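A.B. asks: Dropping a prediction and its sequence here:
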Amino acid sequence: MTSTPPTATVRVGTRGSTLALTQTQTIADRLAELTGLEVELVRITTDGDVKTGSLAQLGGTGVFVTALREALLDGRCDVAVHSLKDLPVAPAPGLRLVSPERENPRDVLCSRTGAGLFALPDGARVGTGSPRRAAQLLAARPDLDVVDIRGNIDTRLGRAHPETGDLDAVVLARAGLARIGRLDAVAEAFEPGVMLPAPGQGALAVEVRELPDDPSPLDAALHRALEALADRDTTLAVTAERAFLARLEAGCAAPLGALAHVEVTVPDADDDSLAPDGGPGDGGRCEELVLEAVAVTLDGRTSERRTARLQAGGGGDGITLDDATRLGTQLADEIAAAMPDVVGAGR
C-alpha cells in the first residue's frame, strides 16, 4: 500500500453551532496528529438547525444527523462528527462509527440565583427541550413549571440570566458546557439518582465511510486513526445504553435515561478464594459493566429505575460488545415488563 499523499486534506463534516464546531475541532486536531495531514472543517446545515418547533415534534433522533451522513456518503466530507446521543440507534449502512473517550455525561442545572434544584422557589419555571429531563424534573419536584425551550447553549443560558432571564433555571448537558468553557454557569450537577442522562450523552460519534476492498491511502489512514481514537470503556458503556434504547424502539426524545460505566478492579494476587482462570483472584484486570436505567411518565408521577451488572467471563477476553448489547436488552425488557403502558407502546 502506498503512503498517504502529503498534499491530502481530511475534510471533517460538522454542524455550524459553537458547540459543534468546538467539539469537531478537537477531533480534527487529533486526526491531524494521527495522520500527519491537513484537516479542514466543512459546515453542513441539518434539519435541526433550520426547522422550528420542539425537538420532540421534529422527531428528535436524526434531525441533526441525516444531512451530515449524506455529505459523508456522497463525498463532500471524509469524516463526520456528531453528538452520539443525537444518532439513531440503528447502524448506518456504509458507515463505520467510533467513540473517543467520553466527557462527564451528567445533566446540570443553571439557575438565575445559583440555587440548586431543591432550593428553587415553589412553582419555579425551569426550561428544557427534552421530555426525558422534563419528566425527571417533575418526578423530583412536581411543583415545577417546566417550559419547553430550544436554541444553542448561549440562548438557553440567557433564559436564566440573573438580570434579563425569564426563567428561574435551565437544564443542560455538562459535557457541552465543558467543551465551550462555560462550567461557571453550573449551579448543580445532578446525581444519577435524581436525573439519568440520555443514552450516549457526553460521548462523540466519529464516522467514516466503510473501508472499500481497494482503499485509497487516505481511506486507510483515516481508518487507522479511528482505531487510535476509539475508547474501549466508552464504547462498551454507550453500546449498553443504546441497546437499551433500541430494545424499547425509542428515540432520544423519549422519557428514558440510561448510564453505564465499566468498573475495574485488580484483586490481590494472594487472594486464594478466587479462581485463577483469568478472572478475579489472579492479579489480572477484572471488569464489570454496570448499567442504570429509568423510564418516567411525562408527568413525572410514575417511574421505574433498575440496575444491571455484567462481569467479564473467565476466558480472558473481557467484556465484549455483544455482552454490552445483551445487558442493555435485558434491562430494557425488565423495565418494559414493569411499565408496559409507558415504554411498551412503541414496541
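C.D. replies: Structure's in. What do you need? Numbers count the residues shown, from 1 in each chain.
A.B. asks: how many neighbours does the closest residue to residue 245 other than its chain neighbours have?
C.D. replies: Closest residue to residue 245 in three dimensions, ignoring its sequence neighbours and counting by Cβ to Cβ, 6 or more residues apart in numbering: residue 199, at 4.7 Å. Quick note: C-beta positions are derived from backbone N, CA and C, even for glycine. Per other Cβ atoms under 10 Å, the neighbour tally for residue 199 reads 33.
A.B. asks: and what of residue 234?
C.D. replies: Neighbouring residues of residue 234 were enumerated by other Cβ under 10 Å; the total is 24.
A.B. asks: Mind telling me what element it is part of?
C.D. replies: In this structure, residue 234 is located in helix 232-247 according to DSSP states H and E.
A.B. asks: Can you list the buried residues in that helix?
C.D. replies: Judged by neighbour count (16 or more other Cβ atoms under 10 Å), helix 232-247 contains these buried residues: 233-247.
A.B. asks: Identify the residues contacting that helix?
C.D. replies: Contacting residues not belonging to helix 232-247 are listed as 84, 89-90, 98-102, 199-200, 203, 251-252, 254, 256, 258-262, 289, 291, 293, 319, 321, 323-329, 331-333, 336 [Cβ atoms under 8 Å, 6 or more residues apart in numbering].
A.B. asks: Filter those down to just the ones in strands.
C.D. replies: By the criterion of DSSP state E, membership of those in strands covers 98, 256, 258, 259, 260, 261, 262, 289, 291, 293.
A.B. asks: okay if I get those residues as CSV plus distance to residue 162?
C.D. replies: Shown next, in CSV, are these (distance: Cβ to Cβ, whole Å):
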residue, distance to residue 162
98, 41
256, 33
258, 34
259, 31
260, 36
261, 35
262, 40
289, 42
291, 38
293, 36
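A.B. asks: from these, which is closest to residue 124?
C.D. replies: The closest of those to residue 124 turns out to be residue 256 (Cβ to Cβ; 24.6 Å).
A.B. asks: So what pairs up with the closest one in the strands?
C.D. replies: Beta bridges link residue 256 to residue 295, judged by DSSP bridges.
A.B. asks: what stretches of this structure score poorly on pLDDT?
C.D. replies: 1-7, 47-63, 251-253, 267-285, 313-316, 342-347 (pLDDT under 70).
A.B. asks: Let's see that with 90 instead.
C.D. replies: Per-residue confidence for the chain (pLDDT under 90) gives these ranges: 1-8, 45-64, 91, 249-254, 264-286, 312-318, 339-347.
A.B. asks: okay, now the domains of it?
C.D. replies: Per the record, the chain has its domains at 9-100+204-230, 107-189, 233-343, by automatic domain parsing.
A.B. asks: mind putting those domains in JSON lines, distance to residue 195 included?
C.D. replies: Written out in JSON lines, the entries for those read as follows (distance: least, Cβ to Cβ, whole Å):
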{"stretch": "domain 9-100+204-230", "distance to residue 195": "14"}
{"stretch": "domain 107-189", "distance to residue 195": "4"}
{"stretch": "domain 233-343", "distance to residue 195": "7"}
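A.B. asks: Before I go, just wanted to say thanks for your time.
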